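Visitor: have a look; sequence and predicted model below, questions after that.
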Amino acid sequence: MSAVEKSGRSGPGRFVYYVCQVLVRLVFALVLYTVFVVSGALASDGVVAKTGTAIATDCERVGPVSRSGLGWYWQCDAEITWSDGSKDTSSFTSSDLTPRNRTEPAPVAWREVDNSGHMITVERAKPFAGFGWAVTMPLFGAVLMGVELPRLQSVFADQWTRRRERTRMQLWEPAMLPLGWGLLIAGGLATAAPAVLPGMAVITILLGYCALAVALGVAINRRRQGLGEPPVLSPERREKLARVAKWLRGVGAAGVVLGVVVGFGNWLGVLGAVAIPLALVAFGQRMVLVTNRHRARFDGTVRNSAAS
């Protein structure tokens, strides 16, 4: 084992690695909380028990880290008048109320939440609540799993020798994580607009979850057993994969054109409609790149063997 690998597995290198992983998880936790709150996913939960109006009595600007999450927001105390004439007070975060609401009443609701008591929310459109719910579980998974940071020596360094070279030769494993996140984000954003194709946003989100689940399995296996050598593709299999890749890119491109034409102008809806075709194009392109790399390595090996 090299000196660099030893420093990653023990001593200061190991300490720095774990500290950075804790910080990464804290950042993901803050991002998770921010997205869940700001998207309106949290405020969409529960059953409305009563409604009323709120007038802001005191507002202050808070940030960059606060009860609202990451960013700068208005946080206001308010007096609430319920529809039955009773009065109440509450504090609102995430710019749900602003100084403008000192004179302009905002509609609010008392929501009963299962096993969590109640909450008082400002009743307004929450078009991105679906996006918040869609990315909550993957972000929570990122909080638990963490990520490998570039240029930071991992305690798994001895298992991941020649990591970049090997991942470049893998056919589908490295594509699962970006494809999963891409599908999930596109499907979540598409829920904020009228559907170009009925149900496509939900299907896209579900496929994104499936891809991320596969990526999670790959990551767990890699941490347990290290990054193994990718299989060598025979000339026959390379030709077959090239034909499949061509078909995937053709079908995907046709789907993108169809989605844009049908939903032109409704761009969030179009995003949900073309996410899966774009994933087909991307995966087909990945297959082309990998088969070309295998061909170059195979041809180079054959030439070297012949020369020797």
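Guide: Yep, it's here. Numbering: from 1, shown residues only.
Visitor: all the helices of the stretch 51-200 of the chain, in order from the start?
Guide: Using DSSP state H, counting those that start in this stretch, the helices assigned to the stretch 51-200 of the chain run over residues 129-145, 163-169, 173-190, 200-225.
Visitor: output the ones you listed in a markdown table; the columns should cover mean neighbour count and mean pLDDT.
Guide: All C-beta spots, glycine's among them, are computed from the backbone N, C-alpha and C. As requested, the helices of the stretch 51-200 of the chain are exported to a markdown table (neighbours: other Cβ atoms under 10 Å; pLDDT from 0 to 100):
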| stretch | mean neighbour count | mean pLDDT |
| --- | --- | --- |
| helix 129-145 | 19 | 91 |
| helix 163-169 | 14 | 75 |
| helix 173-190 | 22 | 94 |
| helix 200-225 | 18 | 90 |
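Visitor: residue 56: which of the ones you listed is closest?
Guide: With Cβ to Cβ as the measure, helix 129-145 is the member of the helices of the stretch 51-200 of the chain nearest residue 56 (23.3 Å).
Visitor: for that closest one, packing partners?
Guide: Helix 129-145 sits against helix 11-38, helix 173-190, helix 200-225, with contacts defined as 3 or more Cβ pairs under 8 Å, 6 or more residues apart in numbering; DSSP states H and E.
Visitor: could you dump the ones you listed to TSV with distance to residue 91?
Guide: Formatted as TSV, these follow (distance: least, Cβ to Cβ, whole Å):
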stretch	distance to residue 91
helix 11-38	14
helix 173-190	29
helix 200-225	33
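Visitor: which of those sits closest to residue 134?
Guide: Per Cβ to Cβ, nearest to residue 134 of the helices and strands packed on helix 129-145: helix 173-190, 3.5 Å.
Visitor: if I pick residue 47, what's in contact with it?
Guide: 111-112 (Cβ atoms under 8 Å, 6 or more residues apart in numbering).
Visitor: how much space between it and residue 114?
Guide: Applying Cβ to Cβ, to the nearest Å, the value for residue 47 to residue 114 is 9 Å.
Visitor: same question for residue 197.
Guide: Counting by Cβ to Cβ, the gap from residue 197 to residue 114 is 33 Å.
Visitor: comparing those two, which residue is more hemmed in?
Guide: In this view residue 197 and residue 114 are compared by other Cβ atoms under 10 Å, and residue 197 has more residues nearby, 19 against 8.
Visitor: phi and psi next, for that one.
Guide: phi -120, psi 120 (degrees, to the nearest 10).
Visitor: wait, isn't it in contact with residue 262?
Guide: Yes. At 7.5 Å, residue 197 counts as touching residue 262 under the criterion of Cβ atoms under 8 Å.
Visitor: what's the average pLDDT for the longest helix anywhere in the chain?
Guide: In the chain, with assignment by DSSP state H, the single longest helix is helix 267-307. Across helix 267-307, pLDDT averages out at 82.
Visitor: what is the distance between it and the centre of its chain?
Guide: Mean C-alpha position of helix 267-307 versus that of the full chain (Cα atoms, centre = their mean, to the nearest Å) differs by 23 Å.
Visitor: show me what it is packed against.
Guide: helix 163-169, helix 173-190, helix 200-225, helix 235-263.
Visitor: could I get these as JSON lines with distance to residue 16?
Guide: As requested, these are exported to JSON lines (distance: least, Cβ to Cβ, whole Å):
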{"stretch": "helix 163-169", "distance to residue 16": "19"}
{"stretch": "helix 173-190", "distance to residue 16": "25"}
{"stretch": "helix 200-225", "distance to residue 16": "19"}
{"stretch": "helix 235-263", "distance to residue 16": "41"}
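Visitor: residue 190: what's its closest spatial neighbour, skipping adjacent residues?
Guide: Spatial nearest neighbour of residue 190, excluding adjacent residues (Cβ to Cβ, 6 or more residues apart in numbering): residue 272 at 2.5 Å.
Visitor: count of neighbours near the one you found?
Guide: Neighbour number of residue 272 under other Cβ under 10 Å is 30.
Visitor: my guess is it meets residue 199, correct?
Guide: No. With contact defined as Cβ under 8 Å, residue 272 does not reach residue 199; the gap is 9.8 Å.
Visitor: I'm done for today, thanks for sticking with me.
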